[in-house]
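Participant: kindly return the folded structure for what I paste below:
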Amino acid sequence: MRSLQTLLLAVLLVTIPVAAGDGGKSGAPLAREQGFPIPAGARKNTALGGATTLAPGKNYTLVVYDIDSAIETVSAFYGKHLPDAARTEEGNEVRFSTRGGTIKLARLDTGTRITLVIGPR
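Facilitator: Numbers count the residues shown, from 1 in each chain. As a prediction, this is how the structure comes out:
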């Protein structure tokens, strides 16, 4: 079973398109948003993003992207590009936490919503 999971993860990593000027063969992310990698094909959802303050002195920035890839594929992308991040799963959501913030992945009907919670700053 473990080797099947490893094989599935490898297949998912290969299926994520990334831009690096070589036909998507590089493992580099398309772009970075305040230090976080963003997979190729992700579209910024400006209606859902913006800055917020959750508590006095704790300012967070929310940046939201939508992508047509399955949550498992996007999760594998972040697992590869943020190997030191703490990964947790709860229901239909996967989180990657780092010192700079959190990436929340949520399942959509036809893809995945990527929410970057950057901060506190």
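Participant: low-confidence ranges in this structure?
Facilitator: 1-30, 51, 53-55 (pLDDT under 70).
Participant: which stretches of the protein form helices?
Facilitator: Assigned by DSSP state H, the chain shows helices spanning 2-15, 71-81.
Participant: and the residue sitting furthest away from the middle of the chain, how far is that from Leu62?
Facilitator: The outermost residue of the chain, judged against the average C-alpha position, is Pro56 (27.5 Å), by Cα atoms, centre = their mean. Look at Pro56 and Leu62: by Cβ to Cβ, to the nearest Å, they are 18 Å apart. All C-beta atoms are positioned from the backbone trio N, CA, C, and that covers glycine.
Participant: also Ile118?
Facilitator: From Ile118 to Leu62 the distance is 8 Å (Cβ to Cβ).
Participant: more crowded one of the two?
Facilitator: Neighbour count, other Cβ atoms under 10 Å: between Ile118 and Leu62, Ile118 has more, with 20 against 16.
Participant: report the beta-bridge partners for that one.
Facilitator: Beta-bridge pairing of Ile118 under DSSP bridges involves Thr61, Gly101.
Participant: that one: what's it in contact with?
Facilitator: 33-36, 60-63, 100-101 (Cβ atoms under 8 Å, 6 or more residues apart in numbering).
Participant: tell me the buried residues within the residues you listed.
Facilitator: The neighbour count (16 or more other Cβ atoms under 10 Å) marks 33, 36, 60-63, 100-101 as buried among the contacts of Ile118.
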